[in-house]
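Asks: The following comprises the amino acid sequence and a computationally predicted model.
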Amino acid sequence: MWRSYLLTYPFILLYVAIIVPLFVPLTWLTRSIRPIYWMARQGCRVGLALSGVRLRLLSPERARLHPCCVFVANHVSNVEAPALFAVLPRVAVIIKDSLGRIPLLGYTMRMGGFIPVDRGAKQSRRQALRDATQTLQSGISMLVFPEGTRNPTEELLPFRTGPFQMAIETGVPVVPITVHNARALMPKGARHLRPGVLTLSFHTPVPTAGLAEGDRLALMTKVRQSMQAALVSKPA
């Protein structure tokens, strides 16, 4: 607990306060998000390390088999998003609209193509899906948690069809990721990280070429079943 309060959180606050004012103008001048995106990834890596969290990657090469794809991962803790952001190639993420309103941080997220959504508003969810589809069409991968919220149970929650619909529309593959031990490191409701190993297991990409909109439920079911089986068997 002391690591989070004495090291990680002060580091994050200082990092955002220094890096954003320095790199946002650079992004304006160069018209490239790459510098600030790179710095954000380094910030995630350092923050996790300060908390004593070590990342174990299984078959990470599968994340780079395709220039653009939809990454889908299970979601039980707040630690998964920064861990995945730290190791994945360039991605955009659908985030809670409350995160998008955080001064400096929210602005930077939007610059990086992150898409805010009000989960309680159907129109907002539809707009987020349209924005995410356009992001994929521009060649930038998406990271989505298809359960839609943090899961307090061992069984995967029902998946939402949106990620699979936009993968089919754009013809990009779906890359399932199972995250292991996140609940032990940061249970839902906890405000600090516990030291330990977080395992990210990258599974074989599932192609969508040739699929139609009517195939989205079958695609979703296939991906969900493979992820549930991986979570039950646990990585070696």
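Replies: Cool, the structure landed. Numbering: from 1, shown residues only.

Asks: Below-threshold pLDDT in this protein: ranges please.
Replies: By pLDDT under 70, the low-scoring segments of the chain are 1-2, 5, 99-100, 103-105, 236.

Asks: Mind naming the longest helix for it?
Replies: What stands out as the longest helix in the chain, according to DSSP state H, is helix 9-30.

Asks: Give me the contacts around that one.
Replies: Outside helix 9-30, the residues within contact range by Cβ atoms under 8 Å, 6 or more residues apart in numbering are 33, 35-36, 39-40, 43, 46-47, 50, 104-105, 107-108, 111. Backbone N, C-alpha and C define where each C-beta goes, glycine included.

Asks: Please, a PyMOL command that selects the buried ones among these?
Replies: This is the PyMOL syntax for the buried subset of the contacts of helix 9-30, where burial follows 16 or more other Cβ atoms under 10 Å:
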select buried, resi 33+36+39+40+43+46+47+50+108+111
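
Asks: residue boundaries of the strands in this structure?
Replies: Secondary structure of the chain by DSSP state E: the strands cover 53-58, 70-73, 91-96, 115-117, 141-144, 174-180, 196-202.

Asks: Packed most tightly, which of those would that be?
Replies: strand 70-73 (a mean of 26; mean count of other Cβ atoms under 10 Å).

Asks: and it, what does it pack onto?
Replies: helix 80-87, strand 141-144, helix 162-170, strand 174-180 (3 or more Cβ pairs under 8 Å, 6 or more residues apart in numbering; DSSP states H and E).

Asks: Among those, single out whichever gets nearest to residue 59.
Replies: Residue 59 lies closest to strand 174-180 among these, at 10.0 Å (Cβ to Cβ).

Asks: Output the contacts of helix 9-30 in TSV, with distance to residue 75 appended to each entry.
Replies: Output for the contacts of helix 9-30, formatted as TSV (distance: Cβ to Cβ, whole Å):
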residue	distance to residue 75
33	25
35	29
36	25
39	25
40	20
43	21
46	23
47	19
50	23
104	25
105	20
107	25
108	22
111	24
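
Asks: which residues touch stretch 56-66?
Replies: Under Cβ under 8 Å, 6+ apart, the answer for stretch 56-66 is 71, 87-89, 172-173, 175, 177, 197-205, 235.

Asks: Between its first and last residues, how far does that stretch reach?
Replies: Using Cα to Cα, to the nearest Å, the gap from the first to the last residue of stretch 56-66 comes to 22 Å.

Asks: buried set for that stretch?
Replies: So stretch 56-66, judged by 16+ other Cβ under 10 Å, has buried residues 58, 62-63.

Asks: Using CSV, lay out the residues you listed together with distance to residue 188.
Replies: Below are the buried residues of stretch 56-66 laid out as CSV (distance: Cβ to Cβ, whole Å):
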residue, distance to residue 188
58, 24
62, 28
63, 26
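
Asks: on that earlier part again, residue 82: which of the strands of the chain is closest?
Replies: That would be strand 53-58 among those, by Cβ to Cβ, at 9.3 Å.
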